[in-house]
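Asker: Sequence first, predicted coordinates after that:
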Amino acid sequence: HGGSCREASLCCSGRDSACVVQKVPPSGAITTDLNVKPCYCDHACLKLRDCCPDFKSYCGVIDCIVSEWSPWSKCDSACGPGMASRNRTIRQRPQNGGKHCPSLVQKRACPGTDRDCRHGRRLLPQLQETALLLPVMPAPSRQINAETNDIGSSVGHREELWKDTFHHKRESTKGFTLS
């Protein structure tokens, strides 16, 4: 794309295919060179990615700007699984079709803040009621409990799978965040 919105004095709102800058060779001759592509000075060019290089600056397009992430909050649960979150704020709102603001809040699971609770017996009731997405195997009492719809007591975890899951947890969750 080689044209200029400023040189053509073009800045159009919405989608306007007439708001185009076609770079003309210095000789003024009409060219059929397929490498010479027109560029646009309408706001649709942002989505279509065919804006002239100076479109944003000339037409006053300002993208959203956000702050850095705050530190992660403490876990909201003392005993058992909970959530931690972090925030960021808007420093500059988008204007004239600029990029929208990204998410301002991120959340992630956390194991609770009370160390005695995490390693002691008080965690067991929460494990029975919380979906932890761990490998499980049917408990021996599965057929008996299937009639009562008590899924929690129909499933038991396997110790070696339990340990294996936490051993590989860092690798498997690397780069992923709940939001």
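Answerer: Nice, I can see it.

Asker: contacts, neighbours, all on C-alpha from now
Answerer: Noted.

Asker: can I see the domain layout of the protein?
Answerer: Split into domains by automatic domain parsing, the chain comes to 1-61, 62-130, 131-173.

Asker: Could I get the full set of helices for the chain?
Answerer: In the chain, the segments counted as helices under DSSP state H are 5-8, 45-48, 55-58, 115-119, 124-129, 142-146, 159-167, 169-173.

Asker: still on that earlier bit, mean pLDDT for the domains of the chain: which is lowest?
Answerer: With a mean of 46, domain 131-173 has the lowest mean pLDDT of the domains of the chain.

Asker: Return the residues in contact with Gly97.
Answerer: By CA atoms under 8 Å, 6 or more residues apart in numbering, the residues touching Gly97 are His43, Leu46, Val61, Ile62, Asp63.

Asker: again, but for Ser4
Answerer: Per CA under 8 Å, 6+ apart, neighbours of Ser4: Val21, Cys52, Pro53, Asp54, Phe55.

Asker: Filter the residues you listed down to the ones in strands?
Answerer: Using DSSP state E, the subset of the contacts of Ser4 located in strands is Val21.

Asker: Please check the contacts of Ser4 and keep the buried ones.
Answerer: Buried members of the contacts of Ser4, scored by 16 or more other CA atoms under 10 Å, are Val21, Cys52, Pro53, Phe55.

Asker: Could you check how far the closest residue to the third one other than its chain neighbours is from Gly112?
Answerer: With CA to CA, 6 or more residues apart in numbering as the measure, Ser4 is the residue that lies nearest to Pro53, at 6.7 Å, once sequence neighbours are left out. Remark: distance between Ser4 and Gly112 (CA to CA, to the nearest Å) = 57 Å.

Asker: Kindly report the same for Asp76.
Answerer: Using CA to CA, Asp76 is found at 7 Å from Gly112.

Asker: ditto for Lys74
Answerer: Note on Lys74: its distance to Gly112, by CA to CA, is 9 Å.

Asker: Have a look at those two and say which one is more surrounded.
Answerer: Applying other CA atoms under 10 Å to Lys74 and Gly112 shows that Gly112 carries more neighbours, namely 20 against 15.
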